[in-house]
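Undergrad: Can you look at this prediction? I've put the sequence above it.
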Amino acid sequence: MKFLLDTSFLISALRFKVDILSELMKFGKPELYTLRSVVSELAKISSSSGKSGKNALLALSFVNKKVKIIEDVNRTNTDESIINIAKDKEFIVCTQDSELKKKLKRIGVSIITIRQKKYLSKE
């Protein structure tokens, strides 16, 4: 199964210490992807001090080791890129972003979110 990870999901999963790979195994053998613009967002956040900067740095490390990066054409709007790529290439999108979830549900894209700060749930 192909999973497209967004910024909010990566940071939240690491903040709550969710084992992304073993949790996604429940839905099928995971192939993890993210967008170049997500990596850019994580890099920008990682330069800030505090917990969010630290979590973004951990997320970048995870992405560099385990996630394939897709070049997205529309780097100015990551959400639009996620919607277009998920629709065209049949990805399941992993996100915590409520606005993005609403848009994805409208077009019939499956979504994975973190529930109770410890496990993943498919919507």
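TA: Received, thanks.
Undergrad: Low-confidence bits of this protein, can you list those?
TA: Low-confidence segments of the chain (pLDDT under 70): 74-75.
Undergrad: which one in it is furthest away from the centre?
TA: S49 (21.8 Å; CA atoms, centre = their mean).
Undergrad: Wasn't that residue part of a helix?
TA: No: judged by DSSP: H, G, I helix; E, B strand; the rest coil, S49 forms no part of a helix; its state is coil.
Undergrad: ok, F3 touching C94?
TA: Yes: look at F3 against C94 with CB atoms under 8 Å: they come within range, at 5.4 Å. C-beta here means a position set from N, CA and C on the backbone, and glycine is covered the same way.
Undergrad: Number of residues surrounding the closest residue to K101 other than its chain neighbours?
TA: Nearest residue to K101 in three dimensions, chain neighbours excluded: I111, at 5.5 Å (CB to CB, 6 or more residues apart in numbering). Here the number of neighbours of I111 (other CB atoms under 10 Å) works out to 20.
Undergrad: Please check which residues sit opposite I111 as beta-bridge partners.
TA: Under DSSP bridges, the beta-bridge partners of I111 are V93.
Undergrad: I figured it hits L104, correct?
TA: Yes: between I111 and L104 there is a contact under CB under 8 Å: 5.5 Å.
Undergrad: which neighbours do those two share?
TA: 93, 95 (CB atoms under 8 Å, 6 or more residues apart in numbering).
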